[in-house]
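Peer 1: Predicted model follows, preceded by the sequence.
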Amino acid sequence: MIVEKLDWLRHAGLQIFSLDIQPDGSRFATAGGDHKVRIWSMTALQSSDQVPSQPRLLATLRDHFGSVNCVRWAKGGHFVASGSDDNLVLVHKRHPGSGTTEFGSGEPPDAENWKTLLTLRGHSAEVVDLGWSPDDSMIASCSLDNTVRIWSALNGNLVSVLHGHTSLVKGVAWDPVGSFLASQSDDKTVIIWHTGNWSMIHRAEGPWEKTVGFTFSRRLAWSPCGHFITTTHGFQEPSHTAPVLERGEWCTSFDFVGHNAPVVAVRYNHSMFRKVADSKKNGSTNGSSEAPPYNVIAIGSQDCNITVWTTASPRPVFVGKHFFTQSVVDLSWSNDGYTLLCCSLDGTVAAFCFEPKELGIKVSDAEMQEFKKTRYGDQTVRGLTLVESASQLVLEAAAAKQVPASVGALEVQNHVVEKGPEVPAVESSANNRKAPILQQTEYRGPDGRRRIIPKPLGQDYKENEAPDGSRSAGYEVFNPPLASKDMAAAAPRSDVRERLPTLDGGGINRLASESSFKTADVCMADRLGTGGGQELPKQSVPTAKLLIQPPSSSGVLSFEIHPALEAPICLEARPAVSQLKGGTVETNVPVDGSLETDLVCSQGGKVLWWDRVKRKATILTGNSNFWAVAGDDRSVQVYTVAGRQALPLLVLSSPAAFMDCDKDWKLLVLTGCGSLHIWDIRNSTSILLESVDTLLTSYPNGGAEGSQVKVVSARISEVGAPLVVLENHVVFLFHMDLRCWLRIADSFPSSTFCELSPILTSMITKAGPAPKKSGSLCVNGVSFNLTKASGSKRAQLETQMVAALALRSAEEYRRCLLAYARCLARDADKSRLRELCEELLGPRQAPGIDEGKDTAAPPNWDPYVLGMNKLDLLKQDVLPAMASNRAIQRLLCEFVDLLTEIELRTQHGITEMKSWGIAWLTDLARLITVLEIIAK
């Protein structure tokens, strides 16, 4: 082993933050605090001459305006990219001829001519790390703006912005297969991104939770075999580690342990190695072909040390100490696999040259390619999805054995089983492609009857699948849309029938789309024995009287949900457009909106799923568990998040007027006839079926005779019960235990709960401004009406308190309790104050209880209300409010004594106390309590 400190390599005496060796091994680049990227000759490094014949410094790139934090060569070696404190990523390319020099620098002209090819702008903070994709088509860069950006290396366009980290992102690494990208951040997580759609597939959090301190970077690395990801800045007491994640499970399998300070950077060797065979046993010094290959990795730390490990040994192969005086920040291996370059914040670079007997025999490039092909499939075939695990290839081989030898013969066999005497057997797909142009096609449907579908003359014969699964002409298969906004050429799903020409019994050619249920009507007529040309008598469907007018919209409906740490997911419903006309796709021809609607679910501009329904969508809602779409045909369709139908089509008594869902699996639907449903979608059960008819008829609108008040909102409250708001500012909550409606807000002058409750503010605003009130009492910034008589004020506050309890709003309940206590104290209402204090004090401590009797509290008494301790409410709110009126001071002192005794029992654990033994303690504690109340 040979170690050399490159004293001639400097960045004007400033720090060196990064280095990287060109894949062909002829050059290496360094990046430093002098705002420059310098390209050096590897030939001069390997030369033993003190004065080499060729220049050591080949070029200096001066296009950055801040410290350059990272430099990386493309896999092809023709480009070099750099990231800097100026928030830019620059891509450089060598041009013919020699370069220039900076005016006034005194440096000789550059031996090579390197120019900036691309400038990638977009980061809002310093760029810390970057990496090239395996095929050099993309560049990933991470920044202190908490994002990872993916750029096209062909034109510099931004491909994607990855939002997932909540703190500074300091390291990125590409999967050598190209399927994944890993990033590490100061939020103590490592995220695995899928390069197909740039979605987050895993967030690893465990090994970095106990890490402390600050590091310049967190440069993680992916092994050349693609199975391991070695991360940085791990900690397992008592030393710092480099945790290793395994592909697929993405869990920590082992750690590289031994450094005394945080690990800053790791770098795998480009190739794998095998142990050198023992010459005494084999008579050869070559690597044994029987030995399994292993990876070699170098680790740099803030303890100024370097360690080199192999995955075949639990101990490091090499530990380098005292080579640097500051943290090691970057490492790079040469193309032959035996030279390691390391740079430090002290502004120096060291070279470590190993021998085969120390690291092993390098596996050839051809063997590495064969190894990746065996494990992940052929990577040279472009346009195919890369295999992400070895098990995928095993399953594909097993699946190939299950495919029958002749698919066409199997189809013929299936059709012969169902074939009637009049219909000839359908030939194989190979013969069908050569079939002549037909004028009509016959096939037998699931009901056993023969069907005839005319074929337009001049149209090319094309084999496709009929709705019943048979092979027949006349059915076109379309692809889903590519973008949510481009729906003109969108295509329906295979489960939706296209409008095709049909032949009725009278020989008149009609379109099946004249009636959305035409096919069903014909089938029913056949089963009833009705002639094909005889139309079924139209039956009037009884409809309930509409108390609530359902919404109607001819435009685009949309509904968004906002998942944590992800882009919003949007569901859109828009009128469908025409697809098929004369065998061609025709755009910008809207279909009758009452028949068809396109549903498009997208995230970040990418379509997640798509469907077409034969109805007009009126209401959309959803959450992270399901979507719900209400139609004008009195139906509700429920989809899973991925777009599968979670339930059959729900048919209601009338169209839905309001629809809402909670955060879990509850769905609320209020129909036009006033029926209110709440379903549990997960368990397919009904939770509630109630009518709002009594609410609407009990509160007339005050207009023309017989006019009803309108519903402005219906939703699921925070307690999981339906909440209905009328246009006259009356709000009702259905109590799930009492099984009746509770009026929790109204617009009468004696009530201000509508203005008091923040929960109802957004709902009340839909009904317009409430009647103004004059005269108020301000309690913690909340206004209470005082224009009415004392009894009206008290009743108003009592109503607000029980309404806050029903809504489970702790903050509102405490605010109303304080106002209620002040109102009773001002009126000197001793009986109600005593009852209120006893309720908060509890039955165990209520006055007048005989000490000899059992004072155990009844099981139904709860010392907490809405999560708040009742004794704390008594001490902090009610008793200070009572102190405002001296007319009730005896009542105040009575409960102060009781509260003091309870606190003493709690503090000292005394169960039985004599009055003469604790008199002096009681007086002292009462004095302290009174002082606390006065201070409040």
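Peer 2: Sure thing, it's come through.
Peer 1: low pLDDT regions in the stretch 151-300 of the chain?
Peer 2: Scanning the stretch 151-300 of the chain with the threshold set as pLDDT under 70 gives 278-290.
Peer 1: try 50 this time
Peer 2: Applying pLDDT under 50 to the stretch 151-300 of the chain flags the ranges 284.
Peer 1: Show the residue spans covered by the strands in it.
Peer 2: 158-163, 169-174, 180-185, 190-194, 199-204, 221-222, 228-230, 234-236, 239-246, 252-259, 263-268, 273-274, 296-301 (DSSP state E, counting those that start in this stretch).
Peer 1: who's in contact with the fifth one?
Peer 2: Among residues not part of strand 199-204, those counted as contacts by Cβ atoms under 8 Å, 6 or more residues apart in numbering are 162, 164, 180, 189-194, 245, 250-252, 565-566. For the C-beta atoms, the positions are set from N, CA and C on the backbone; glycine is no exception.
Peer 1: Give me the buried entries from those residues.
Peer 2: L162, G164, F180, T189, V190, I191, I192, W193, L245, W250, T252 (16 or more other Cβ atoms under 10 Å).
Peer 1: which residues sit in contact with the fifth one?
Peer 2: Listed by Cβ under 8 Å, 6+ apart, the contact partners of V190 are A182, S183, Q184, R203, A204, W208, L220, I229, T231, L245.
Peer 1: excluding its backbone neighbours, what's nearest it?
Peer 2: Excluding its sequence neighbours, the residue lying closest to V190 (Cβ to Cβ, 6 or more residues apart in numbering) is A204, at 4.5 Å.
Peer 1: picking that back up, out of the contacts of strand 199-204, who's nearest G171?
Peer 2: Among the contacts of strand 199-204, V190 lies closest to G171 (Cβ to Cβ), at 8.7 Å.
Peer 1: if we can go back for a sec, for the residue nearest to V190, grab the count of nearby residues.
Peer 2: A204 has 20 neighbours, counted by other Cβ atoms under 10 Å.
Peer 1: Then T374?
Peer 2: Using other Cβ under 10 Å, T374 has 11 other residues around it.
Peer 1: Please identify the helix or strand for it.
Peer 2: helix 365-376 (DSSP states H and E).
Peer 1: pull the CA atoms of that helix into CSV?
Peer 2: Extracted in CSV, the C-alpha atoms of helix 365-376 (Å, rounded to 0.1, in the frame of the first residue of the first chain):
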residue,chain,number,x,y,z
ASP,A,365,-16.9,-5.5,-16.1
ALA,A,366,-18.5,-8.3,-18.2
GLU,A,367,-19.1,-10.3,-15.1
MET,A,368,-20.6,-7.3,-13.3
GLN,A,369,-23.0,-6.8,-16.2
GLU,A,370,-23.9,-10.5,-16.2
PHE,A,371,-24.5,-10.3,-12.5
LYS,A,372,-26.9,-7.3,-12.8
LYS,A,373,-28.7,-8.9,-15.7
THR,A,374,-29.2,-12.1,-13.7
ARG,A,375,-30.5,-10.2,-10.7
TYR,A,376,-32.4,-7.3,-12.3
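Peer 1: What's the mean pLDDT across that helix?
Peer 2: Per-residue pLDDT values over helix 365-376 give a mean of 82.
Peer 1: what's the answer for stretch 64-82, then?
Peer 2: Per-residue scores along stretch 64-82 average to 93.
Peer 1: ok, now stretch 809-829?
Peer 2: The model assigns stretch 809-829 a mean pLDDT of 85.
Peer 1: buried residues in that stretch?
Peer 2: By neighbour count with 16+ other Cβ under 10 Å, stretch 809-829 contains the buried residues 809, 812-825, 827, 829.
Peer 1: Restricting to C-alpha, output that stretch in PDB.
Peer 2: Provided in PDB are the C-alpha atoms of stretch 809-829 (Å, rounded to 0.1, in the frame of the first residue of the first chain):
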ATOM      1  CA  SER A 809     -65.500  21.800  22.200                       C
ATOM      2  CA  ALA A 810     -63.400  22.200  25.400                       C
ATOM      3  CA  GLU A 811     -62.300  25.800  24.700                       C
ATOM      4  CA  GLU A 812     -65.800  27.000  24.100                       C
ATOM      5  CA  TYR A 813     -67.100  25.200  27.100                       C
ATOM      6  CA  ARG A 814     -64.600  26.800  29.400                       C
ATOM      7  CA  ARG A 815     -65.300  30.200  28.000                       C
ATOM      8  CA  CYS A 816     -69.000  29.800  28.500                       C
ATOM      9  CA  LEU A 817     -68.500  28.400  32.000                       C
ATOM     10  CA  LEU A 818     -66.600  31.500  33.000                       C
ATOM     11  CA  ALA A 819     -69.200  33.800  31.600                       C
ATOM     12  CA  TYR A 820     -72.000  31.700  33.300                       C
ATOM     13  CA  ALA A 821     -70.200  31.900  36.700                       C
ATOM     14  CA  ARG A 822     -69.900  35.700  36.400                       C
ATOM     15  CA  CYS A 823     -73.500  36.000  35.500                       C
ATOM     16  CA  LEU A 824     -74.700  34.000  38.500                       C
ATOM     17  CA  ALA A 825     -72.300  35.900  40.800                       C
ATOM     18  CA  ARG A 826     -73.600  39.200  39.600                       C
ATOM     19  CA  ASP A 827     -77.200  38.100  40.200                       C
ATOM     20  CA  ALA A 828     -76.200  36.500  43.600                       C
ATOM     21  CA  ASP A 829     -78.000  33.300  42.500                       C
END
